[in-house]
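# the sequence isn't on hand, but the structure is:
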Ligand code: PGA
């Protein structure tokens, strides 16, 4: 298990990201709602993190996490013990001459329980390839961190009918090889054209993509692929969260702008609770 390996390697233990329930006719999977603060947040915003963590405890059936700037992880995780704080990126190496980068052990040491990898803003601005994203995911999992691995198509690819093939290609190149990946891995489907734009795919477009991702996960990991949570991300807001969470194979959300304030984020968590179990 990655967590055990991480403890052995690092001598420190990540706060557990609660595991999904088995998917089946009777038991619906727990939803995961993760905030992505991107390059937002200063010390003064720890109070907002405390407010989100405290209120999230009311929604026992939903896993909630906040992925904050690396420099805030330690303060945030000390402020909200037991609440999962995550990073937004990780380097694939354990250590070395990589100026400005952060390793998985550093994230863990700072108190992180998980990290995002492969966000489209990094795939674009840092030219991250699928194979690099895969290496980052494997490094994080090996250290005992949960991983939210992002995929998503650009608008021109959706317009040309290549959305599903593009996303499946990204998965083929970036899914970790570890056979127990389902325990700590979530996929975030984030159409690039929906991020920060207020545009959202239709429910049937989300359903089609999430079903295709689910098929790929079960091809890759067998029945355990059923337990990998597939999050939707891109302009999720209190006003559309309920409709999105009702779509089959939507096991939660990765939320950017609407995760910065408890007043926006908590109604999204509440909507996930309404559609859990
Ligand atoms: P958004 O960002 O909710 O602001 O669209 C989502 C993301 O990029 O993870």
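Alright, I've got the coordinates. Since this is a predicted model, take the numbers as computed values, not measurements.
# list the residues that contact the residue in the stretch 151-277 of the chain that the ligand sits nearest to.
The stretch 151-277 of the chain approaches the ligand most closely through residue 256 (2.2 Å), counting by CB to the nearest ligand atom. Yep, even glycine has a C-beta here, placed from its N, CA and C like the rest. Listed by CB atoms under 8 Å, 6 or more residues apart in numbering, the contact set of residue 256 reads 35-36, 38, 195-196, 233.
# mind listing what residue 155 touches?
Taking CB under 8 Å, 6+ apart as the test, what residue 155 contacts is 191-193.
# 7 Å instead?
If a contact means CB atoms under 7 Å, 6 or more residues apart in numbering, then residue 155 has 192-193 as its contacts.
# what about the nearest residue to residue 119 once chain neighbours are set aside, which helix or strand?
Using CB to CB, 6 or more residues apart in numbering and skipping residues adjacent in sequence, the residue nearest residue 119 is residue 150, 4.8 Å away. If you go by DSSP states H and E, residue 150 is part of strand 146-151.
# tell me if that strand is near the ligand.
No - applying CB under 6 Å from any ligand atom, one finds strand 146-151 separated from the ligand by no less than 7.2 Å.
# so which bits of the stretch 101-250 of the chain are right by the ligand?
190, 195-196, 233-236.
# please repeat the previous calculation with a cut-off of 5 Å.
When proximity is defined by CB under 5 Å from any ligand atom, the stretch 101-250 of the chain lies next to the ligand at 195-196, 233-235.
# list buried residues within these.
Neighbour counting with 16 or more other CB atoms under 10 Å marks 195, 233-235 as buried within these.
# and the residues you listed, which two are the farthest apart?
233 and 235 (8.6 Å; CB to CB).
# residue 50 touches residue 79, doesn't it?
Yes - between residue 50 and residue 79 a contact is recorded at 5.6 Å, counting by CB atoms under 7 Å.
# dig out what the nearest residue to residue 56 once chain neighbours are set aside forms beta bridges with.
What sits nearest to residue 56 in space, not counting adjacent residues and going by CB to CB, 6+ apart, is residue 64, at 4.0 Å. Assessed by DSSP bridges, residue 64 has beta-bridge partners residue 33.
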